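> next one to model:
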Amino acid sequence: MEPLTEREVNDTLNTLSPEQQEFLSAHLKQGKKSKWLEVLSQKKGIPLGEGMSEEEIEEQMESWVLKEVLDGGFGNKPFRCECGTPLRYQYIVYHSKEKKTYKLGVTFWKTIRIYLLN
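Numbers count the residues shown, from 1 in each chain. Here you go, the predicted structure:
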């Protein structure tokens, strides 16, 4: 079985009720935040315990917190990365030590994450 194209996924999502769309959106955002915390903990060498709340995990991460993941929608790129690149998905990341918020795209994040995690 082949995966759906982005257009097919978008068309299917548009058939759902607003409540169903909101549920899926919240679930996907939570999944991205969980993955963020997992990757960050591995890079920093911080073990995560089962049953830890998101707040407990963020405390362990010390400084980098994924605050939000924004989705501009199929075919749209309404957001901008720190580097100026138009984005469909924007990752809002807060650095508590610097007290600064960064707005990044996935490509930019992959490129500079080693620098940012130090």
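> what segments of this protein are strands?
Assigned by DSSP state E, the strands in the chain fall at 64-71, 79-80, 86-87, 89-95, 100-104.
> tell me what angle the longest one forms with strand 89-95.
Right, strand 64-71. 160 degrees (axes from the mean of the first three to the mean of the last three C-alpha atoms, to 10 degrees).
> sheet partners, orientation included, of strand 64-71?
Using DSSP bridges, the strands paired with strand 64-71 are strand 89-95 (antiparallel).
> average pLDDT for the strand it pairs with?
For strand 89-95, the mean per-residue pLDDT is 86.
> buried sites along it?
Buried residues in strand 89-95, counted by 16 or more other C-beta atoms under 10 Å: 90, 91, 93, 94. Any C-beta I mention is one placed from the backbone N, CA and C, and that applies to glycine too.
> what mean pLDDT does stretch 32-49 have?
68.
> and the biggest helix by length in the chain, what does it pack against?
With secondary structure taken from DSSP state H, the chain has its longest helix at helix 18-44. Here helix 18-44 touches helix 54-61, strand 64-71, helix 106-117, going by 3 or more C-beta pairs under 8 Å, 6 or more residues apart in numbering; DSSP states H and E.
> any idea of the angle that helix forms with strand 64-71?
Using the same axes, to 10 degrees: helix 18-44 against strand 64-71 is 150 degrees.
> give me the low-pLDDT residue ranges for this structure?
36-37, 39-49, 54, 57-62, 108-118 (pLDDT under 70).
> beta-bridge partners for the nearest residue to residue 68 once chain neighbours are set aside, please?
Nearest non-adjacent residue to residue 68, counting by C-beta to C-beta, 6 or more residues apart in numbering: residue 92, 4.2 Å away. In this structure, residue 92 bridges to residue 68, residue 103 when assessed by DSSP bridges.
> ok, residue 92 - contacts?
66, 67, 68, 69, 70, 101, 102, 103 (C-beta atoms under 8 Å, 6 or more residues apart in numbering).
> and it, how far from residue 85?
Here residue 92 is placed at a distance of 15 Å from residue 85 (C-beta to C-beta, to the nearest Å).
> follow-up on the earlier one: now the buried residues of strand 89-95 as TSV including distance to residue 28?
TSV is the format used below for the buried residues of strand 89-95 (distance: C-beta to C-beta, whole Å):
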residue	distance to residue 28
90	14
91	13
93	17
94	20
